[in-house]
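Chemist: quick one, structure for this:
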Amino acid sequence: MSSSETPTLSQAAGNQDLSRQSAAHVLSSAGAAPTSNTGAASAPVNITDFLTDGSLAALCGELSNLAGVAVELRDAHGHAIRRSLDASNIAWHVDERPTADMPGQSMIPLRLGPFTIGSLVVAAGTPVLANDARKRLEQMLNLLASTTTELCFHELELRHRIKEVAALARMSSLLNRATSPEKVLDVAMDLALDVLGMDAGSIMLLRERDGELSESEEDLVLATSRNLSQGWLDFPQPLSKDRTFDRLAMSGQVVVSEDISHDDRVLIPDRAAEEGLGAALHAGLVFKNRPLGVVRLYSRVPRSFDDADKRLLASIASQAAVALEQSRLLRLEKEEQVLQRQLQLAADVQRRMLPRGVPNFPNLDVAARYIPSFELGGDFYDFIDLNGHLGLVVGDVVGKGIAAALLMSSVRASLRAFAQDLYDLDEIVSRVNQAMCRDTRDFEFASLWYGVLDIHKMRLTYCSAGHEPPLVVRVPKHRAPTMADMDELTVGGMVVGIDPSQRYQRAVFDIRSGDVLVAYTDGLPDATNFNGERFGKQRVRNAVMKCLQDKPNANAGEIVERLLWEVRQWSGLSKTRSDDKTLVAVRVR
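Modeler: Residues are numbered from 1 along each chain as shown. Below is the predicted model:
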């Protein structure tokens with residue numbers, strides 16, 4: 001600015017960033033040792049870091065003209081700082097070479113804490129007032145006013161910053177005690193009204209739709225309010241046309257209406273006047289560029305808002321949005337913990353539905369494993385005592401998780417009930433099918449294999465309902481088994497739960513000493529490797545055969561573990577979540 005102009009606060013606003021950077025520089029060097037005037041070159045800052053419009057250099061020039069004695073402003077290195085007299089936009093410049101000290105001169109150091117950042121130097125000689133002393137004095141006072149105005153601006157800016165920091169510190173303290181979203185919003189509302197000197201306000205939050213937060217300003221609903229009439233709250237109307245205020249606020253802007261009655265953007269000036277609203281200040285609750293709601297503040301009379309007011313409300317809204325999101329995440333975490341606890345209890349119940357042990361018959365060795373992909377699964381196996389006969393069940397309900405587990409429980413209960421009252425296996429499976437068709441939806445079904453082993457006659461009667469066919473390996477006594485010694489138990493019908501009129505068939509298979517029966521669910525052949533390739537039925541058959549070839553007298557537990565090991569070797573640490581796996585092995589002694 002020229003020496004004849006006095007800067008306004010708005011003109012000086014552009015100079016605040018430089019001052020803040022310099023102050024931060026000083027603070028970062030607070031631990032450094034003091035520097036003498038001769039060692040000023042080591043000071044972390046220089047007077048030039050604080051000069052903005054050149055008024056201080058111009059003031060020294062006017063003092064020189066007024067007193068008739070040279071008055072210089074020098075930087076920390078002894079270079080003279082002079083106002084620019086050309087037509088350039090640069091208000092001041094620094095001499096390239098240091099100015100030599102002269103006898104009789106006076107030097108007044110400019111200190112910032114322990115550091116000398118520059119100096120004012122008065123040349124030798126007796127001051128003599130110039131002929132145009134009054135004009136020079138007025139120009140000097142004008143420059144003094146300019147410098148004072150800038151100092152006042154920075155003082156005002158500092159006060160605003162202190163107020164902002166104090167408000168945020170107070171809000172942080174209050175939010176630490178806020179245990180719910182409602183209390184978070186109450187804290188933000190009361191603090192915003194207090195520190196900004198507003199009279200009324202409300203906080204609106206976006207409504208959730210199907211578990212997702214809406215992004216439309218039309219879905220804002222009242223969360224909390226202060227000093228607004230019930231009529232205003234019960235019959236909400238947007239203050240601005242096309243909800244401009246809310247839309248802009250949720251985009252991250254702070255919206256100001258300094259006089260609602262004369263603002264062309266306002267939709268309902270008459271109703272606002274009836275409510276006693278003179279001015280409005282809106283800011284969005286925004287978390288990571290995702291709008292959560294809007295803070296609306298009102299004054300009873302028209303008033304102006306400066307940048308500090310807008311910045312303060314934006315800071316409060318931002319911190320409230322963070323606290324609100326944190327509160328929401330804590331709520332979700334608690335809900336998740338409750339759900340996990342319920343799932344754990346349900347999983348315990350499901351595990352109790354599985355047999356606690358394996359049947360104990362002198363001529364049979366039985367082993368079983370169940371590995372759910374989730375805490376709850378749709379696979380199951382069962383052993384049923386039928387008065388000297390052993391019922392073997394392996395089933396797989398479509399899907400995973402809670403729904404599959406509930407359906408599995410229903411299938412298991414139905415099969416057990418019908419198995420006690422009916423003799424023919426095909427009729428038992430038909431009854432289970434009819435019950436499922438009656439009680440389940442179209443896309444819910446199950447596969448199962450049910451066999452009854454006559455322990456005395458060593459005869460197996462079975463029926464398969466769309467299930468993976470169990471394998472029977474007849475192990476010769478004098479050689480290792482081959483694929484020619486393996487059979488599949490395939491007789492039965494389609495899965496249960498689809499067609500209530502479906503008829504099922506049963507078949508009989510005679511068991512001999514040394515034979516091995518392996519029943520499993522599709523979780524084994526469906527296991528995939530890193531390339532997405534399935535383990536497949538053939539690899540299941542190969543794994544069983546390889547186990548018996550390596551150890552023809554392997555017991556049921558060894559066969560189960562070997563088969564599961566082969567599947568794990570195939571799938572490795574594949575990121576694809578595997579299906580439930582169930583495996584039952586019976587070795588005839």
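
Chemist: show me what the longest helix seen in the chain is packed up against.
Modeler: In the chain, ranked by residue count with DSSP state H as the criterion, the top helix is helix 307-353. Taking 3 or more CB pairs under 8 Å, 6 or more residues apart in numbering; DSSP states H and E as the contact definition, the neighbouring helices and strands of helix 307-353 are helix 133-176, helix 181-196, strand 254-257, strand 279-287, strand 290-299, helix 401-421. C-beta coordinates here come from the backbone N, C-alpha and C atoms, glycine included.

Chemist: and if we set it to 6 Å?
Modeler: Packing partners of helix 307-353 (3 or more CB pairs under 6 Å, 6 or more residues apart in numbering; DSSP states H and E): helix 133-176, helix 181-196, strand 254-257, strand 279-287, strand 290-299.

Chemist: can I get the ones you listed in JSON lines including mean neighbour count?
Modeler: JSON lines is the format used below for the helices and strands packed on helix 307-353 (neighbours: other CB atoms under 10 Å):
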{"stretch": "helix 133-176", "mean neighbour count": "16"}
{"stretch": "helix 181-196", "mean neighbour count": "20"}
{"stretch": "strand 254-257", "mean neighbour count": "21"}
{"stretch": "strand 279-287", "mean neighbour count": "24"}
{"stretch": "strand 290-299", "mean neighbour count": "24"}
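
Chemist: how about these in CSV, adding distance to Ser240 and mean pLDDT?
Modeler: Converted to CSV, these look like this (distance: least, CB to CB, whole Å; pLDDT from 0 to 100):
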stretch, distance to Ser240, mean pLDDT
helix 133-176, 27, 72
helix 181-196, 19, 88
strand 254-257, 8, 96
strand 279-287, 9, 94
strand 290-299, 11, 94
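
Chemist: of all these, which lies closest to Asp487?
Modeler: In this view, these are compared for proximity to Asp487 by CB to CB, and strand 290-299 is the closest at 61.3 Å.

Chemist: ok, residues contacting the closest one?
Modeler: The set of residues that contact strand 290-299 without belonging to it, under CB atoms under 6 Å, 6 or more residues apart in numbering, is 192, 198-206, 246, 249-250, 277-285, 317, 321, 324.

Chemist: can you pull out the helices in this protein?
Modeler: Secondary structure of the chain (DSSP H): helices at 9-12, 16-28, 55-67, 133-176, 181-196, 230-234, 244-250, 269-275, 307-353, 401-421, 425-439, 536-550, 556-571.

Chemist: ranked by average pLDDT, which of these falls at the bottom?
Modeler: When the helices of the chain are compared on mean pLDDT, helix 9-12 scores lowest, with a mean of 31.

Chemist: with respect to Val508, which of the helices of the chain lies nearest?
Modeler: Ranking these by proximity to Val508 (CB to CB) places helix 425-439 first, at 10.0 Å.

Chemist: buried set for that closest one?
Modeler: By neighbour count, with 16 or more other CB atoms under 10 Å as the criterion, the buried positions of helix 425-439 are 425-426, 428-437.

Chemist: list just the nearest of those residues to Leu59.
Modeler: Out of the buried residues of helix 425-439, the member with the shortest distance to Leu59 (by CB to CB) is Met436, at 96.3 Å.

Chemist: and the closest one, what is it in contact with?
Modeler: With CB under 6 Å, 6+ apart as the criterion, the residues that contact Met436 are 496-497.

Chemist: quick one: it and Met494, what's the gap?
Modeler: In this structure, Met436 and Met494 are 12 Å apart, going by CB to CB, to the nearest Å.

Chemist: if the closest residue to Ala58 other than its chain neighbours is in a bridge, with which residues?
Modeler: Using CB to CB, 6 or more residues apart in numbering and skipping residues adjacent in sequence, the residue nearest Ala58 is Arg83, 4.4 Å away. According to DSSP bridges, Trp92 are recorded as the beta-bridge partners of Arg83.

Chemist: pretty sure Arg83 is touching Ser55, no?
Modeler: No. Using CB atoms under 6 Å, Arg83 is not in contact with Ser55; the gap is 8.6 Å.

Chemist: check contacts around Leu460.
Modeler: Contacts of Leu460 by CB under 6 Å, 6+ apart are 451, 453, 509, 511.

Chemist: what about the nearest residue to Arg431 once chain neighbours are set aside, how many neighbours?
Modeler: Spatially, and ignoring its direct neighbours in sequence, Arg431 is nearest to Phe418 (4.6 Å; CB to CB, 6+ apart). Residues within reach of Phe418, counting by other CB atoms under 10 Å, total 19.

Chemist: so what's Val121 bridging to?
Modeler: Beta-bridge partners recorded for Val121 (DSSP bridges): Glu72, Met107.

Chemist: and this structure, what are its domains?
Modeler: Domain ranges of the chain: 9-158, 177-331, 354-588, per automatic domain parsing.

Chemist: can you point out the buried residues in stretch 398-416?
Modeler: Within stretch 398-416, the residues that qualify as buried by neighbour count (16+ other CB under 10 Å) are 398-402, 404-405, 407-412, 414-415.

Chemist: same check, this time on stretch 218-232
Modeler: In stretch 218-232, residues buried by neighbour count (16+ other CB under 10 Å) are 220, 223-226, 228, 232.

Chemist: what's it in contact with?
Modeler: By CB under 6 Å, 6+ apart, the surrounding residues in contact with stretch 218-232 are 185-186, 189, 200-207, 275.

Chemist: can you redo the helices of the chain as JSON lines with distance to Gly377?
Modeler: Shown next, in JSON lines, are those (distance: least, CB to CB, whole Å):
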{"stretch": "helix 9-12", "distance to Gly377": "70"}
{"stretch": "helix 16-28", "distance to Gly377": "60"}
{"stretch": "helix 55-67", "distance to Gly377": "80"}
{"stretch": "helix 133-176", "distance to Gly377": "43"}
{"stretch": "helix 181-196", "distance to Gly377": "36"}
{"stretch": "helix 230-234", "distance to Gly377": "51"}
{"stretch": "helix 244-250", "distance to Gly377": "44"}
{"stretch": "helix 269-275", "distance to Gly377": "60"}
{"stretch": "helix 307-353", "distance to Gly377": "8"}
{"stretch": "helix 401-421", "distance to Gly377": "6"}
{"stretch": "helix 425-439", "distance to Gly377": "18"}
{"stretch": "helix 536-550", "distance to Gly377": "19"}
{"stretch": "helix 556-571", "distance to Gly377": "15"}
